[in-house]
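Participant: could you work out the structure for the sequence below:
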Amino acid sequence: VAALRMEAAADPDDPELARLVADLSAQDADFRTWWAEHRVNSAAYGTKHYRHHLVGDLTLDCDTWAGSDGSGQRLMVLTAETGTPSHDALRILTSWTAERVDANRAKDRTP
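Facilitator: Residues are numbered from 1 along each chain as shown. Sure, this is the predicted structure:
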């Protein structure tokens, strides 16, 4: 939420952002509380916590790089330390994706 508030400061009159904040505020009491705290954060690195519906909780290192062209685009890279439960979970998700890609390629080759 603090990163979203930092982005909002760049264009406080953005109607799409206003709709997003209104929707999130209506749906989530935690978001309302955090938004009201007015915290800002522009960190380009840190730790993110996610809950994936298939593999559970993930703790990931996050690095973010801003584009130098002024477009506002960013690249976010999420990684997990080798040997951690989060690393194992990412490997499981990757293997499932790889199996689907292989199956789709096989279908494409079938006459």
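Participant: flag every buried residue along the helix or strand harbouring residue 59.
Facilitator: Applying DSSP states H and E as the criterion places residue 59 in strand 56-66. Of the residues in strand 56-66, 58, 60 count as buried by neighbour count, 16 or more other CB atoms under 10 Å. All C-beta atoms are positioned from the backbone trio N, CA, C, and that covers glycine.
Participant: and it, what other elements does it pack with?
Facilitator: strand 45-52, strand 74-79, helix 85-109 (3 or more CB pairs under 8 Å, 6 or more residues apart in numbering; DSSP states H and E).
Participant: columns distance to residue 7 on top of those, output as a markdown table?
Facilitator: Below are those laid out as a markdown table (distance: least, CB to CB, whole Å):
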| stretch | distance to residue 7 |
| --- | --- |
| strand 45-52 | 16 |
| strand 74-79 | 10 |
| helix 85-109 | 26 |
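Participant: what's the closest of the ones you listed to residue 21?
Facilitator: Closest to residue 21 of these is strand 74-79 (CB to CB; 19.6 Å).
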